[in-house]
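Asker: This is a predicted model, with the sequence first.
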Amino acid sequence: MSPAGPQSRAVRKAVVPAAGLGTRFLPFTKSTPKEMLPVVDKPAIQYVVEEAVSAGITDVLMVVGRTKRPLEDHFDVVPELEANLAAKGDSTKLALVHRSTELADVHYVRQHEAKGLGHAVLAGKHHVGDEPFAVLLGDDLIDERDALLARLVEVQQTYGGSVVALLEVPQETVNMYGCADLAPDEASEGDDDVVRLKGMVEKPDPADAPSNLAVIGRYVLSPAVFEVLENTAPGKGGEIQLTDALETLAGMPAEAGGGLRGVVFRGRRYDTGDKLDYLKTVVRLASGREDVGAEFNAWLGEWVASGFDTEQPTHARPDAPSAKA
């Protein structure tokens, strides 16, 4: 393995961009942030924060917009609810409420204008300071059994510079992602899941894409990215693209905080970025739950066997209370 670079201090902080309007989920997102979409019984954003905590990061900065107050409320104490549950002796639900409050030290900063992912990351400059940090995008949920973020942190500590998560995608879909341009000596010694990048291409034409390795929403970045972002001109869509900054970092010397590597992820990723993928995510995660999985899977099997019959009336559960006359 290569020796750790000059920027490979401990990764203690995470930035979570959460200022998007979520227009794909209107009308729900007219009044509620898309990050609060329920995935079984937790909002999507809680899965993201839990992932950061599982990687040893407990200082989380959320970059929010003016409509994101419910995010702050979710990670805050709710005295009336907690007192009510305590009075009922409902320790199980009380523990669930306490968990979101006690997960991490969560901070917030306002992104006043939607100028792209790079601009959102730049909003974290003063909180992060001069140390490497993680970036987690809320549309991507990583299965808790797959320690992707912890692996990114480990690789950054080993090699320095910045590290991105990569996923093999069908060639015809690379135009939906930032795409990795691999260096000739792409492999990193002793790490078969680590590659070295010479650059990035944002949403390339499939015929021109340098690879089929797409960047997904997990990064561990050198603090050098902040100065790069401050000097990055708006790219596609008139926004400051994080991909453009990563391209610059890839060509910078290690002593300046440069260098870019990727970790090829082969685990379980769930997408909540649009309605269809969100529904798939809920079904997959519900199927594996200890509390509802068995019953849900039995019902799902019956539903599939029926040919997805939407004409027959639904039936109450046997243990459901009957309606009063």
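Answerer: That came through fine. Nothing here was measured: the structure is a model prediction, and the numbers come from that model.
Asker: Please make it C-alpha for all contacts and neighbour counts, starting now.
Answerer: OK.
Asker: Neighbours of residue 66, how many?
Answerer: Residues within reach of residue 66, counting by other CA atoms under 10 Å, total 10.
Asker: cool, and residue 126?
Answerer: Counted with other CA under 10 Å, residue 126 comes out at 9.
Asker: Chain neighbours aside, what residue packs nearest to residue 229?
Answerer: Ranked by CA to CA, 6 or more residues apart in numbering and with sequence neighbours excluded, the top spatial neighbour of residue 229 is residue 245, at 5.9 Å.
Asker: Please tell me how far the one you found sits from residue 233.
Answerer: In this view, residue 245 and residue 233 are 10 Å apart by CA to CA, to the nearest Å.
Asker: Of those two, which one has the most company?
Answerer: The neighbour count for residue 245 versus residue 233, taken as other CA under 10 Å, is higher for residue 245 (23 against 13).
Asker: how distant is the strand or helix carrying the more buried one from the center of its chain?
Answerer: Assigned by DSSP states H and E, residue 245 falls within helix 242-250. Here helix 242-250 is found 19 Å from its chain centre; the criterion is CA atoms, centre = their mean, to the nearest Å.
Asker: remind me which residues of the stretch 1-150 of the chain are low pLDDT?
Answerer: For the stretch 1-150 of the chain, the stretches flagged by pLDDT under 70 are 1-8.
Asker: Sketch out the helices for it, chain order is fine.
Answerer: Remark: helices assigned in the stretch 1-150 of the chain by DSSP state H, counting those that start in this stretch are 44-54, 69-74, 79-88, 91-102, 117-122, 125-128, 148-159.
Asker: now these as TSV including distance to residue 222?
Answerer: Putting the helices of the stretch 1-150 of the chain into TSV (distance: least, CA to CA, whole Å) gives the following:
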stretch	distance to residue 222
helix 44-54	17
helix 69-74	27
helix 79-88	39
helix 91-102	28
helix 117-122	12
helix 125-128	11
helix 148-159	9
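Asker: how about the ones you listed, which one is nearest residue 36?
Answerer: helix 44-54 (5.9 Å; CA to CA).
Asker: tell me the angle that closest one makes with helix 91-102.
Answerer: 70 degrees (axes from the mean of the first three to the mean of the last three CA atoms, to 10 degrees).
Asker: tell me which residues in helix 44-54 are buried?
Answerer: By neighbour count with 16 or more other CA atoms under 10 Å, helix 44-54 contains the buried residues 44-53.
Asker: which one of the residues you listed is nearest residue 264?
Answerer: residue 51 (18.0 Å).
Asker: who's in contact with the closest residue to residue 131 other than its chain neighbours?
Answerer: Of all residues not flanking residue 131 in the chain, residue 223 sits nearest, at 5.5 Å (CA to CA, 6+ apart). Residue 223 is in contact with 7, 128-133, 257, counting by CA atoms under 8 Å, 6 or more residues apart in numbering.
Asker: Between the helices of the stretch 1-150 of the chain, which one is closest to residue 179.
Answerer: Per CA to CA, nearest to residue 179 of those: helix 117-122, 15.6 Å.
Asker: can you give me the offset of the closest one from its chain's centre?
Answerer: 15 Å.
Asker: Check stretch 113-132 too.
Answerer: Relative to the centre of its chain, stretch 113-132 is centred 16 Å away, using CA atoms, centre = their mean.
Asker: Which residues does that stretch contact?
Answerer: Identification of contacts with stretch 113-132 by CA under 8 Å, 6+ apart yields 7-13, 15, 17, 19-20, 61, 63, 109-111, 135, 220-223, 226, 229-230, 238-243, 245.
Asker: What of stretch 69-83?
Answerer: Contacts of stretch 69-83 (CA under 8 Å, 6+ apart): 32-33, 35-36, 94, 97-98, 100-102, 106, 108.
Asker: Which single one of the residues you listed is nearest to residue 140?
Answerer: Looking across the contacts of stretch 69-83 and measuring by CA to CA, the closest to residue 140 is residue 35, at 10.8 Å.
Asker: Run through the residues that contact that closest one.
Answerer: Residues in contact with residue 35, defined by CA under 8 Å, 6+ apart, are 18, 43-45, 71, 138-139.
Asker: mind running it again at 10 Å?
Answerer: 18-20, 22, 29, 43-46, 48, 68, 70-71, 137-139, 272-273 (CA atoms under 10 Å, 6 or more residues apart in numbering).
Asker: Any quick ChimeraX command for the buried ones out of those residues?
Answerer: Buried residues within those, by 16+ other CA under 10 Å, are selected in ChimeraX with:
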select :18,19,20,22,29,43,44,45,46,48,68,71,137,138,139,272,273
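Asker: ranges for the strands of the stretch 151-300 of the chain?
Answerer: 162-168, 178-188, 191-202, 213-221, 260-264, 269-271 (DSSP state E, counting those that start in this stretch).
Asker: For those, give me JSON lines that also has mean pLDDT.
Answerer: Converted to JSON lines, the strands of the stretch 151-300 of the chain look like this (pLDDT from 0 to 100):
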{"stretch": "strand 162-168", "mean pLDDT": "95"}
{"stretch": "strand 178-188", "mean pLDDT": "76"}
{"stretch": "strand 191-202", "mean pLDDT": "87"}
{"stretch": "strand 213-221", "mean pLDDT": "94"}
{"stretch": "strand 260-264", "mean pLDDT": "95"}
{"stretch": "strand 269-271", "mean pLDDT": "93"}
